[in-house]
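Peer 1: model the following, please.
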Amino acid sequence: MLAEAIHYVEVIAGAILQRPTSYSAGFTKEVYELGDQLKYYDPVYNNGDGEAVELADPSWLRGLHSVIHSYNVSTLLVKHCLKV
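Peer 2: Numbering: from 1, shown residues only. From the prediction side, this is the model:
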């Protein structure tokens, strides 16, 4: 069941990455946080005895992180422009 959950989050992340402006920053952040937690249940990140293995995040998770960063930068720019 966890493998299925990871797959669903990966599919949702793929949709967000294809059209990031179609999704809110809040939703994107929640998908990222869920994916970030679920990755540790992926056998690739688990060495079998419950210990997490430090690996680079999957590309879809890194992509979501970039989208969130872009949202944050855009928000800061808008706030700055409104002050000027």
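
Peer 1: residue 17: what's it in contact with?
Peer 2: 60, 63-64, 67 (CB atoms under 8 Å, 6 or more residues apart in numbering). (C-beta placed from N, C-alpha, C; glycine too.)

Peer 1: against residue 81, how distant is it?
Peer 2: Distance, residue 17 to residue 81, by CB to CB, to the nearest Å: 27 Å.

Peer 1: quick revisit: show me which of the contacts of residue 17 is closest to residue 9.
Peer 2: residue 60 (8.4 Å; CB to CB).

Peer 1: isn't the closest one right next to residue 13, touching?
Peer 2: Yes - in this structure, residue 60 is within contact of residue 13 by CB atoms under 8 Å, at 4.2 Å.

Peer 1: all helices of this structure, in order?
Peer 2: 2-18, 25-38, 59-83 (DSSP state H).

Peer 1: could you give the mean pLDDT of the last one?
Peer 2: Model confidence over helix 59-83 averages 80 on the pLDDT scale.

Peer 1: ditto for the first one
Peer 2: Helix 2-18 shows a mean pLDDT of 94 in the predicted model.

Peer 1: mind listing the shared neighbours of residue 60 and residue 13?
Peer 2: What both residue 60 and residue 13 touch, as defined by CB under 8 Å, 6+ apart, is the set residue 35.

Peer 1: who's more crowded, the two?
Peer 2: When residue 60 is set against residue 13 and neighbours are counted by other CB atoms under 10 Å, the residue ahead is residue 13, at 22 against 19.

Peer 1: the more buried one and residue 81, how far apart?
Peer 2: Distance from residue 13 to residue 81, counting by CB to CB: 30 Å.

Peer 1: check residue 2 too.
Peer 2: Residue 2 sits 44 Å away from residue 81, going by CB to CB.

Peer 1: need the contact list for the spatially most central residue of the chain.
Peer 2: Among the residues of the chain, the one closest to the centroid is residue 32, at 2.6 Å (CA atoms, centre = their mean). Going by CB under 8 Å, 6+ apart, residue 32 touches 13, 61, 64-65, 68.
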